[in-house]
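Q: What follows is a protein structure lacking sequence information:
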């Protein structure tokens, strides 16, 4: 049994981690921390957990977190994670960080989009936690940087195309729509019901912090630097992401070759589901699950391929992916605790 602690368990990703822990056959959730909710019972703060957990939020201190844990999830804001992760590693536990602090290989890129990095030496050790790309490295890691939600949906859509050299990397465009939970649980006018309901808007156009993370991984797949246009949008639903990725195909690439590329690349990917030709996925069919569903089509008029990717931003885009990484790091079946079907009504 793997003993697990969560630092920063009071947000949406913390809730989702706890929910998954409750159905994981090989994990015991021992400790949860939150500075704001310290001393409060979990089931008072989140009544959904009544009868499932007897836990109290504790102080977010490395000594408390590692006292009864083999692995710690740090579901903390950017920079707060890097203040804690070194102390956790020094105490001999494995760490999965859900912030952006350990997703980047180049500290200069991180610092250009976020803030100065306090532990850049750990970036050379941290593994980017996208199992379809780095399964073996994750299984050997003691520190994993869990990917962002938008990058997960976009990288999985583009990976086969770039890996097999089927598209021109400089033509990749990603257009994404996210549910409101992606903004977190904190109160904000921007995600107030009256500001979001019946509305649909783009935000952080040409400046979203997930852009360099996407470019880092697409560049590794393409074997050369990749610069993309990425535009996120907020839609009036609670959870889910739909990303539409466009790219110009190389000369002579047929629709059949693209079909073959997707099916070959994801042969051993239990959480990627490929649509039949001519079909496209919906966010409802992955809700509450760790699946990423993909559909694609080649436009013969424009010689572009269009890929539609859907995930649940809280599960596959955060906590479910983190649990998948836990499974790999601890030698458990990749699907342990994550096999439940989506919640589609």
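A: Cool, the structure landed. Since the model is a prediction, treat every value here as computed from it, not as a measurement.

Q: Buried residues in stretch 232-252, which are they?
A: Neighbour-count burial for stretch 232-252, counted by 16 or more other C-beta atoms under 10 Å, picks out 232, 234-235, 237, 239-249. Every residue, glycine included, has its C-beta placed from N, CA and C.

Q: average pLDDT for it?
A: When pLDDT is averaged along stretch 232-252, the result is 95.

Q: What is the nearest of the buried residues of stretch 232-252 to residue 171?
A: When the buried residues of stretch 232-252 are compared for distance to residue 171 (C-beta to C-beta), residue 248 wins out at 4.0 Å.

Q: ranges for the strands of the stretch 1-150 of the chain?
A: Ranges of strands in the stretch 1-150 of the chain, per DSSP state E, counting those that start in this stretch, are 2-7, 27-33, 57-58, 71-74, 94-97, 127-128, 143-145.

Q: packing partners for the fourth one?
A: Strand 71-74 is packed against strand 2-7, helix 80-90, strand 94-97, helix 320-329, with contacts defined by 3 or more C-beta pairs under 8 Å, 6 or more residues apart in numbering; DSSP states H and E.

Q: And the first one, what does it pack against?
A: Taking 3+ C-beta pairs under 8 Å, 6+ apart as contact, the helices and strands that strand 2-7 lies on are helix 12-21, strand 27-33, helix 62-66, strand 71-74.

Q: Highest mean neighbour count out of these?
A: strand 71-74 (a mean of 27; mean count of other C-beta atoms under 10 Å).

Q: Please state the mean pLDDT value computed over that strand.
A: Across strand 71-74, pLDDT averages out at 98.

Q: Mind listing the strands it pairs with, and their directions?
A: Strand 71-74 has these partner strands in its sheet, going by DSSP bridges: strand 2-7 (parallel), strand 94-97 (parallel).

Q: ok, residues contacting the last one?
A: Outside of strand 94-97, the residues within contact range by C-beta atoms under 8 Å, 6 or more residues apart in numbering are 70-74, 76, 81, 85, 88-89, 126, 129, 141-146, 322, 325-326, 329-330.

Q: Please state the offset of it from the chain centre?
A: Between the centre of strand 94-97 and the centre of its chain there are 14 Å (C-alpha atoms, centre = their mean, to the nearest Å).

Q: Appreciated, that's everything.
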